[in-house]
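>>> One predicted model, sequence on top.
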Amino acid sequence: MKIAEVNRKWEELRGVIAENFDMELPDMKVMLFLIGVQELGQGPKKFSKREKEELMHIATCRLFSAMGFYELKGLDEDGWPHWELVKPVPNYTLLEQEMIMKSLIIDYFQELEII
């Protein structure tokens, strides 16, 4: 996708998520948190600050697994997924990182048929 298309779809997705969750337009961190909660699969509940950070890490691993960088190793005794880095993530520029994350998040929600 070209940058303009990624940005257009990103704004569309943010609008859909804001409407579905009755919230302000979500930023990247909120999107990662929502993906982490979805991947955890335990439904909505209260999470500690550390758990929220772990959920965003789960989301990042899940998203980058689509590019072959991470592989799901399994679940721990509490049902939390654990990922393994299988090849190093290249040193992308900040703009490249942002565009890649937006694209991966868009793809994720398209797979769930949210957009």
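That came through, no problem.

>>> what about the helices in this structure?
3-20, 28-40, 49-65, 94-111 (DSSP state H).

>>> Export those to TSV and append columns for mean pLDDT and mean neighbour count.
All C-beta atoms are positioned from the backbone trio N, CA, C, and that covers glycine. Converted to TSV, those look like this (pLDDT from 0 to 100; neighbours: other Cβ atoms under 10 Å):
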stretch	mean pLDDT	mean neighbour count
helix 3-20	96	14
helix 28-40	97	19
helix 49-65	97	17
helix 94-111	96	16
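
>>> how many other residues sit next to the closest residue to residue 88 other than its chain neighbours?
Excluding the flanking residues, the one nearest residue 88 by Cβ to Cβ, 6 or more residues apart in numbering is residue 69, at 7.7 Å. Burial measure for residue 69: 17 neighbouring residues, criterion other Cβ atoms under 10 Å.

>>> Would you confirm that residue 69 contacts residue 89?
Yes - the criterion here is Cβ atoms under 8 Å, and residue 69 meets it with residue 89 at 5.2 Å.

>>> ok, and the closest non-adjacent residue to residue 18?
Nearest in space to residue 18, with sequence neighbours left out and distances taken as Cβ to Cβ, 6+ apart, is residue 25 at 5.0 Å.
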